[in-house]
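K.L.:
coords please:
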Amino acid sequence: MKHFAGLPGGGLRFQEGLRLDWRRWPRRASPVLALSLASGTTVSAAAAPTAAPAPVPAPAPRATRRPSAPGAKDAQPPALVRPFNLLRWFSIASLAALLPVAAVTGTVLSHFVTQQALQRDALLTAQFIYNCLGVEAAQIGAVSLVPFLDPRIDTWTAGLSPKVVAQARSEVYEHLETLPDVLLTSVYARDGKIVWSTNRDLIGTFTTENGELREAFASKMDVAKHHAGNMSERSEQRFVVEPKEFFIENYVPLTDPKGEVVAVVEVYKEPRHLMDSIRAGQILVWMTTLAGGFVIYLGLFSIVRRGSRVLAQQQRQLLEAQSQVFAGEMATALAHSLRNPLASVRSSAELATCTDDLPVRKNAQDIITQVDFLSQWVRELLLYSRPIAGEAEAVDLCAVLDTLLASFAPTFERSGVRVVWDRGSVCGTSVQGNTSLARQALHSVISNAVEAMPRGGELHIEMRRTKNPDGVELVFSDSGVGMTEQQLDLVFRPFHTTKSHGLGVGLPMVKRAMERFGGFVALSSEPNVGTQVRLHFKV
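P.N.:
Residues are numbered from 1 along each chain as shown. As a prediction, the model looks like this:
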């Protein structure tokens, strides 16, 4: 090491390849210390914080476009991908798909219930008529009374007295008149003649335009119809009692012993109780269908919402990983390029502090401070870009925190920060984690709390046990400047900082370290009141 000597305005020689120049700029009250490295790098620092006119920046060179090579195509910017809201589009699409399905299902089921109820009513009516005919035929000793419902049929061919058959026939008709909820009952012969009816005016008339009657004669099956009250009336629809809302038309074909349909009983009914039951069944069907569709929608919605959250979380993790990769590459490049020059600059500045010239010592101290800031940034970048690693182990938070508080004691004294450490009865409880990661997280939280109280204040530390979720919490409460809601929303974003000398990786690194072993970090703050940081550890 060579001894240096010189006067203001002259050159001072240091180690080989390093020269210290001190000169006064024109029209400027404060001197500037410039360190010139052998490689051509120059670092300057102002001697005093007095205001000075900013140097006029040199005009930026005009960007020129290089001519493209023959046959080469200009690179096109990548097309922007519009964001896709999975949850919103699924909600719209699922509703658009489920509503028609539910409507069709409800309609089909309600129609099925209605048809089954009407068919069941028609079957009961037919069984009643068959039983009446069977009982009366047995009383007169006939095989079947159906062929003799038409009084034009000769009964002597079957060995039966016309008077006895007429008596039995009248008994059957009396039973037909007692059918419940009946509006009109008619018995048709094969040629369409009404041989008996509850409306006596219809007896003896003929019907030739009733397609349902022809269907009953041809199919040998009951035909049940549900008609509205405003349907067009036919000539044979002369009700003894007019329907109030609707009526049901049942056709009961009657067969002789040979299996041929020789008569049809037409019954018009207004079964109010049956229709009330049908309406109740339809309401139940619709409610069940809608409830089922709603449950299916909720189930699918919950699955898609969970998937959307997982995708969003994976996207955030991907962005965080990309930022970490970028930070790692940048930190490696900075560390490789700046560490040795910064060490040389700091060494030279430390030598400059040995001079008796007060302005020179002050400028040299400023250089040392700025170099330390740059070194700290490089260390933080390297630490943030490094993957979170470490095996899970039992960590004694009290021991780690006591060690950190002891190391921060000079900083607390210099900053005027008073620490209140409330150990409580939980102190000594081991938590899951890693000692190195826990030390890094606590160090970052304490450092931020000190920086948030530039004029001093109180840092209250509390350790407590929690039940929901189960674990141990360390709560740091400072009386600093606090943060706004907008700042709280961005507090865990990498490289976002509100400090003049911050890098913005401290709290993101705390979050990563806490989540590595199942914990979490939560912040609450109020401007000009203070900030509270809760670190939750699993037991």
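K.L.:
Quick check: longest helix in the chain by residues?
P.N.:
helix 272-352 (DSSP state H).
K.L.:
That one - contacts with which helices or strands?
P.N.:
strand 18-23, strand 32-37, helix 86-140, helix 358-385 (3 or more C-beta pairs under 8 Å, 6 or more residues apart in numbering; DSSP states H and E). C-beta: built from backbone N, CA, C; applies to glycine.
K.L.:
Adding mean neighbour count, mean pLDDT and distance to Ile303 as columns, could you present the ones you listed in JSON lines?
P.N.:
JSON lines is the format used below for these (neighbours: other C-beta atoms under 10 Å; pLDDT from 0 to 100; distance: least, C-beta to C-beta, whole Å):
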{"stretch": "strand 18-23", "mean neighbour count": "17", "mean pLDDT": "43", "distance to Ile303": "67"}
{"stretch": "strand 32-37", "mean neighbour count": "18", "mean pLDDT": "38", "distance to Ile303": "62"}
{"stretch": "helix 86-140", "mean neighbour count": "15", "mean pLDDT": "86", "distance to Ile303": "10"}
{"stretch": "helix 358-385", "mean neighbour count": "18", "mean pLDDT": "76", "distance to Ile303": "35"}
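K.L.:
Of the ones you listed, which is nearest Gln282?
P.N.:
Nearest to Gln282 among these is helix 86-140 (4.2 Å), distances taken as C-beta to C-beta.
K.L.:
Can you check what angle separates the closest one from helix 272-352?
P.N.:
Angle between the axes of helix 86-140 and helix 272-352 is 160 degrees (criterion: axes from the mean of the first three to the mean of the last three C-alpha atoms, to 10 degrees).
K.L.:
Compute the inter-axis angle for whichever helix or strand comes after helix 86-140 and helix 86-140.
P.N.:
Later in the chain than helix 86-140, the nearest helix or strand by DSSP states H and E is helix 162-177. Here helix 162-177 runs at an angle of 150 degrees relative to helix 86-140 (the same axes, to 10 degrees).
K.L.:
Helix 162-177 packs against which elements?
P.N.:
Packed on helix 162-177, when contacts are counted by 3+ C-beta pairs under 8 Å, 6+ apart, are helix 86-140, strand 182-189, strand 194-197.
K.L.:
So which of the ones you listed is nearest Ala331?
P.N.:
helix 86-140 (35.2 Å).
K.L.:
Show me what that closest one is packed up against.
P.N.:
On a contact count with 3+ C-beta pairs under 8 Å, 6+ apart, helix 86-140 meets helix 162-177, strand 223-228, strand 246-255, strand 261-269, helix 272-352.
K.L.:
got the buried residues for the first one?
P.N.:
For helix 162-177, burial by neighbour count (16 or more other C-beta atoms under 10 Å) applies to Val165, Ala168, Arg169, Glu171, Val172, Tyr173, His175, Leu176.
K.L.:
From the chain's centroid, how far away is it?
P.N.:
74 Å (C-alpha atoms, centre = their mean, to the nearest Å).
K.L.:
what do you get for the third one?
P.N.:
With C-alpha atoms, centre = their mean as the basis, the distance from the averaged C-alpha position of strand 246-255 to the chain average is 57 Å.
K.L.:
try the fourth one
P.N.:
Once both centres are worked out by C-alpha atoms, centre = their mean, strand 261-269 turns out to sit 62 Å from its chain's centre.
K.L.:
that older thread, compute the inter-axis angle for the longest helix of the chain and strand 246-255.
P.N.:
120 degrees.
K.L.:
coming back round to it: how about the helices and strands packed on helix 162-177 in TSV, adding distance to Gly519?
P.N.:
Output for the helices and strands packed on helix 162-177, formatted as TSV (distance: least, C-beta to C-beta, whole Å):
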stretch	distance to Gly519
helix 86-140	28
strand 182-189	79
strand 194-197	89
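K.L.:
Out of the ones you listed, which gets nearest to Gln313?
P.N.:
So among the helices and strands packed on helix 162-177, helix 86-140 is nearest, using C-beta to C-beta, at 13.2 Å.
K.L.:
chain center to that closest one: distance?
P.N.:
39 Å.
K.L.:
just stretch 150-168 next, same as before
P.N.:
Using C-alpha atoms, centre = their mean, the offset of stretch 150-168 from its chain centre is 81 Å.
K.L.:
what does stretch 358-378 give?
P.N.:
That offset, for stretch 358-378, works out to 51 Å (C-alpha atoms, centre = their mean).
K.L.:
could I get that stretch in CSV with only the CA atoms?
P.N.:
Extracted C-alpha coordinates of stretch 358-378, given in CSV (Å, rounded to 0.1, in the frame of the first residue of the first chain):
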residue,chain,number,x,y,z
LEU,A,358,-13.4,16.7,6.4
PRO,A,359,-15.2,16.9,3.0
VAL,A,360,-13.2,14.1,1.7
ARG,A,361,-14.0,11.9,4.7
LYS,A,362,-17.7,12.7,4.4
ASN,A,363,-17.8,11.9,0.7
ALA,A,364,-15.9,8.7,1.3
GLN,A,365,-18.4,7.7,4.0
ASP,A,366,-21.2,8.3,1.6
ILE,A,367,-19.5,6.0,-0.9
ILE,A,368,-19.2,3.3,1.7
THR,A,369,-22.9,3.6,2.7
GLN,A,370,-24.0,3.4,-1.0
VAL,A,371,-21.7,0.4,-1.6
ASP,A,372,-23.2,-1.3,1.5
PHE,A,373,-26.7,-0.7,0.1
LEU,A,374,-25.6,-2.3,-3.2
SER,A,375,-24.1,-5.2,-1.5
GLN,A,376,-27.2,-5.7,0.6
TRP,A,377,-29.4,-5.7,-2.6
VAL,A,378,-27.2,-8.3,-4.2
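K.L.:
Tell me which stretches of the stretch 351-500 of the chain form helices.
P.N.:
Counting by DSSP state H, counting those that start in this stretch, one finds helices in the stretch 351-500 of the chain at the ranges 358-385, 397-407, 409-415, 435-451, 485-489.
K.L.:
To Gln115, which of the ones you listed lies closest?
P.N.:
Comparing the helices of the stretch 351-500 of the chain under C-beta to C-beta, the one sitting nearest is helix 485-489, at 60.9 Å.
K.L.:
Just the C-alphas of the closest one, formatted as CSV.
P.N.:
Extracted C-alpha coordinates of helix 485-489, given in CSV (Å, rounded to 0.1, in the frame of the first residue of the first chain):
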residue,chain,number,x,y,z
GLU,A,485,-55.1,-0.6,1.6
GLN,A,486,-53.5,-0.2,-1.8
GLN,A,487,-50.1,-0.9,-0.3
LEU,A,488,-51.3,-3.9,1.6
ASP,A,489,-52.7,-5.4,-1.6
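K.L.:
And for it, what's in contact with it?
P.N.:
Here helix 485-489 makes contact (C-beta atoms under 8 Å, 6 or more residues apart in numbering) with Thr498, Leu523, Ser524, Ser525.
K.L.:
What residues of that helix count as buried?
P.N.:
Buried residues in helix 485-489 (16+ other C-beta under 10 Å): none.
K.L.:
After that helix, which helix or strand is next? Please name it.
P.N.:
Trace forward from helix 485-489 with DSSP H and E and the next one is helix 506-516.
K.L.:
Closest to Tyr297 out of the buried residues of helix 162-177?
P.N.:
Closest to Tyr297, out of all of those and judged by C-beta to C-beta, is Leu176, at 52.3 Å.
K.L.:
All set now, cheers.
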